[in-house]
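Student: Structure for the following, please:
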Amino acid sequence: MGSPAVIFGGRSPEHDISILTGLLVERALSAGGRAPVSLYWSKTNEWFEVDAGLEAKDFPAEGVPRKSRPLRLVAGTGFVGDAGALRKERALDISAAVVCCHGAPGEDGTLQAALDLAGVRYTGPDMAAAALGMDKLALGAVAESAGLRVLPRVGVVPEEGWAPPFAGPYIVKPRFGGSSIGIETVADAPTILALVRNSVHLRGGAVVEPYRGSAVDLEIAVRTYPQLQLSAIAKPERTGAIYTYNQKYVGGEGMLSAPREMNPELPGEGEKVVREAAITITALARLRGVARVDFLLDGEDIYFNEVNTIPGSLAKYLWVSPAVPILDLLDDMVAEAVERPTTRWSTVGADGTALRSAGTIAGKLG
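Tutor: The predicted structure follows:
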């Protein structure tokens, strides 16, 4: 069995955060003697193997780190690079890849589908679960159909005269995106339409909910191997209308040092509601590896908000009660990827019967 790999980067607005998560994972695996292979997915959609032990400053805003070695992701083979003085191509010997990519196309099923076709085992959601987790409108409807409380949520129809079927003020979010990027609070429908026309993050689809200024965020992590386990609950501190990208990631150690209250006292049976809803979402969304489930607390009401199938820092900061060391999280994720691969395709049933009885193609054209 080969070495574990770490995949990070990608053509995403969350490219930089993905690098930080990837370097954290690489450093933890290296410190544990796992000798990981670092696979960097550049902003220009190219693959490189990079040295272990790099720091954030080693990744330029444009270009790639020094001594980066080009790779190709090949269907049926995996990651392929040059080996030796003769530059003969060789496939990297990888047991499974820890996927640390945030946002599309690393967290929405695109990368997962490519890895499936290449035969590379990986951590986190499979293609279908990743796509569902990234789609706020679809996942909200799935959660509501299972009896979870969800604030009214509709997709924006970018036509003059359109308006949400509920009163403002509103919060507008990219339908496919994360990390609070592109989220805005607005007062009326015309402003929503103007935002959708002018925001690069909203043009691919937008959802609208009632804005609850009094609501606070709640977070809980789940992991699915060796058995389902829930983390502590956290209440992030925010200083404005929403929990912003800067509050999450800019300054200190990113999400690891962002201010939050751990295991806050929740009204009534709030803790039970959050934990049971997190278990329900894990099953509905077919979460895998380590994920984070987010809720809104408004007075005594708790609403499911969204799921992060590949959370920043892999939600390391939430595993305090119970305490789970980062190396244990990673070892279990890799073991799950090896023992429970995402795909088991089969050609059973394709025995040629339909081909032999089909007649001529010309006859089918009429």
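Student: any residues touching stretch 211-220, and which ones?
Tutor: For stretch 211-220, the external contacting residues (C-beta atoms under 8 Å, 6 or more residues apart in numbering) are 151, 168-171, 185, 230-236, 238, 241, 243, 260, 264, 266, 274-275, 278, 292-299, 302-303, 305, 315, 318. From N, CA and C alone the C-beta is placed, and that goes for glycine too.
Student: Could you do stretch 139-149 as well?
Tutor: Under C-beta under 8 Å, 6+ apart, the answer for stretch 139-149 is 132-133, 150, 153, 207, 277, 280-281, 284-285, 301-304, 306-307.
Student: Buried ones in that stretch, by neighbour count?
Tutor: Leu139, Gly140, Val142, Ala143, Leu148 (16 or more other C-beta atoms under 10 Å).
Student: so when I look at the third one, I'm seeing a strand, right?
Tutor: No - remark: Val142 does not belong to a strand; assigned using DSSP: H, G, I helix; E, B strand; the rest coil, it is helix.
Student: Is Ser313 located within a helix, as I assumed?
Tutor: Yes - assigned with three-state DSSP, Ser313 falls within a helix.
Student: Isn't it up against Thr21?
Tutor: Yes - applying C-beta atoms under 8 Å, one finds Ser313 in contact with Thr21, separated by 5.7 Å.
Student: quick one, which of these two is more surrounded?
Tutor: Comparing Ser313 with Thr21 by other C-beta atoms under 10 Å, the one with more neighbours is Thr21, at 25 against 22.
Student: what about burial for the contacts of stretch 211-220, which qualify?
Tutor: Buried members of the contacts of stretch 211-220, scored by 16+ other C-beta under 10 Å, are 151, 168, 170-171, 230-236, 238, 243, 260, 266, 274-275, 278, 292-297, 302-303, 305, 315, 318.
Student: count of neighbours near Asn308?
Tutor: If you count neighbours by other C-beta under 10 Å, Asn308 ends up with 22.
Student: who's in contact with the closest residue to it other than its chain neighbours?
Tutor: Nearest residue to Asn308, sequence neighbours excluded (C-beta to C-beta, 6 or more residues apart in numbering): Arg292, at 4.4 Å. Taking C-beta under 8 Å, 6+ apart, we find Arg292 in contact with Glu219, Ile220, Ala221, Val222, Val307, Asn308, Pro311, Ala315, Leu318.
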